[in-house]
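Peer 1: I need the structure of the sequence given here:
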Amino acid sequence: MIRVLDTNAFSALMRGESGAVQRLTSLPRDRVLVPQPVVAELAYGLERLPSSRRKTALEARFELLARELRRATWDDAVSRSFGRVKAQLERKGTPIEDFDAAIAAHALAVDGILITANLRHMGRITGLRTEDWSET
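Peer 2: Here you go, the predicted model:
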């Protein structure tokens, strides 16, 4: 089964959280995908940090993980999933941020499991399977 990392899961890996790292290392690399919206959110977060040793260390971990993990392609299937997710949540009156909807759409398009600690938002999406790596 393919796992799709969301921003908080990738961040947990960048911070070296043991539970997330152990789960990642137990999976074949070709079964883990990172959507481009995750890369964009993390790049933005890193750019906002003031220069420091912490920022330098996080940037190095970001680059390492980005080199090691495959991207989830944003294709027409993802775009259609995004449209369904966004419309469904709007009809329910429970919209979420566009990047969160796009990340979920990637998982839906590949019939994968979204790795997230943001179950409050992602749990509203019909058909989306989730797994929380922050749990021990």
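
Peer 1: mind listing what's buried in the helix-or-strand element of the chain with minimal mean pLDDT?
Peer 2: Across the helices and strands of the chain, mean pLDDT, DSSP states H and E gives its lowest value to helix 119-122, namely a mean of 91. For helix 119-122, the buried set under the neighbour-count rule, 16 or more other C-beta atoms under 10 Å, comprises H121, M122. Every residue, glycine included, has its C-beta placed from N, CA and C.

Peer 1: How far away from the center of its chain is that helix?
Peer 2: Helix 119-122 sits 12 Å away from the centroid of its parent chain (C-alpha atoms, centre = their mean, to the nearest Å).

Peer 1: And that helix, what does it pack against?
Peer 2: Packing partners of helix 119-122 (3 or more C-beta pairs under 8 Å, 6 or more residues apart in numbering; DSSP states H and E): helix 98-109.

Peer 1: For the helix it packs on, which outside residues touch it?
Peer 2: 4, 6-7, 33, 35, 37-38, 40-41, 72, 74-75, 77-82, 84-86, 89, 112-114, 118, 121-122, 125, 127-129 (C-beta atoms under 8 Å, 6 or more residues apart in numbering).

Peer 1: related to what we said a few turns ago, mind listing the strands the helix or strand just after the least confident helix or strand of the chain pairs with, and their directions?
Peer 2: Using DSSP states H and E, the helix or strand that directly follows helix 119-122 along the chain is strand 129-131. Paired strands of strand 129-131, with direction, are strand 113-115 (parallel) (DSSP bridges).
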